[in-house]
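Enquirer: Fold the following and give me the result.
(2 chains)
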Amino acid sequence: DAGITQSPRHKVTETGTPVTLRCHQTENHRYMYWYRQDPGHGLRLIHYSYGVKDTDKGEVSDGYSVSRSKTEDFLLTLESATSSQTSVYFCAISEEDRVRSYNSPLHFGNGTRLTVT
Amino acid sequence: AQTVTQSQPEMSVQEAETVTLSCTYDTSESDYYLFWYKQPPSRQMILVIRQEAYKQQNATENRFSVNFQKAAKSFSLKISDSQLGDAAMYFCAYRSFSNFGNEKLTFGTGTRLTIIP
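Expert: A predicted model of the protein is given here:
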């Protein structure tokens, strides 16, 4: 168990409101990721982090920001939610131990289903 | 940028039979990793099998095996003796060989597998 917790599990919000999703890990891993999953698109990388205050954009970063002020927490913020951001959001971490990374490159949280009405 | 294509949005197979899910990818890199992930209705992402591009031998994990054709950039997943628990969404994914620890994966759009009792 990689100890990844995403909150909330489900959220419904209105267009134009800010939304923050939280990813919490218990094992002090350096790399953390936010993906979104949509039918017909698979999983697409939004942002990732390679350490405290070190983040970078993925392929679908527009409309999203992230913050990592502590190793264990990686926050994803939608500054002004739009209907196109209705999706399932997954947080993931990767192992830095070479052997464990070989066995499972990414460990995923259970996802947050976000609906923007 | 790398792309991953899964041309079969849905597949079905009789229980105990064999099914093959297709995946093709596009890359200019010579060294990379390929993965198959399974996502059951619980939304959990589970690593099924992985393949290193520098290995000619096809990976196998119990009832799961791959047919890796590097020149054709093809990476299909074969499931033998299909079981009801194999019903899930299956994602093919690509990762560059470099940047160990930074497990940015590029995913295909997924194939939904139904097992017919």
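Enquirer: and the closest residue to residue B:18 other than its chain neighbours, what pLDDT?
Expert: In this structure, residue B:18 finds its nearest non-sequential neighbour in residue B:80, 4.9 Å apart by CB to CB, 6 or more residues apart in numbering or on different chains. Yep, even glycine has a C-beta here, placed from its N, CA and C like the rest. pLDDT, the model's per-residue confidence, is 98 for residue B:80.
Enquirer: Do a quick rundown of the helices in chain B.
Expert: Listed from the start of the chain, chain B has no helices (DSSP state H) to report.
Enquirer: which residues touch the most centrally placed residue in chain B?
Expert: Chain B has residue B:36 as the residue nearest its centroid, 2.9 Å off, counting by CA atoms, centre = their mean. By CB atoms under 8 Å, 6 or more residues apart in numbering or on different chains, residue B:36 lies in contact with B:21, B:23, B:47-50, B:64, B:66, B:75, B:77, B:90-93.
Enquirer: and chain A, which of the residues you listed reach it?
Expert: With CB under 8 Å from any CB of the partner chain as the criterion, the contacts of residue B:36 include B:47, B:50, B:91 near chain A.
Enquirer: neighbours around the residue nearest to residue B:18, how many?
Expert: Applying other CB atoms under 10 Å in any protein chain shown, we find 15 residues neighbouring residue B:80.
Enquirer: Give me the distance between the nearest residue to residue A:70 once chain neighbours are set aside and chain B.
Expert: Excluding the flanking residues, the one nearest residue A:70 by CB to CB, 6+ apart is residue A:52, at 6.6 Å. Using CB to the nearest CB, to the nearest Å, one gets 15 Å for the distance from residue A:52 to chain B.
Enquirer: So the helix or strand harbouring residue A:11, near chain B or not?
Expert: Following DSSP states H and E, one finds residue A:11 within strand A:10-13. No: for strand A:10-13, no contact with chain B is found by CB under 8 Å from any CB; the gap never falls below 11.2 Å.
Enquirer: Show me the contact partners of that strand.
Expert: Contacts of strand A:10-13 from elsewhere in the structure, counted by CB under 8 Å, 6+ apart, are A:19, A:21, A:81, A:112, A:113, A:114, A:115, A:116, A:117.
Enquirer: List the strands paired with the longest strand along chain A, with their directions.
Expert: Longest strand in chain A by number of residues (criterion: DSSP state E): strand A:42-51. According to DSSP bridges, the neighbouring strands of strand A:42-51, each with its direction, are strand A:32-38 (antiparallel), strand A:54-57 (antiparallel).
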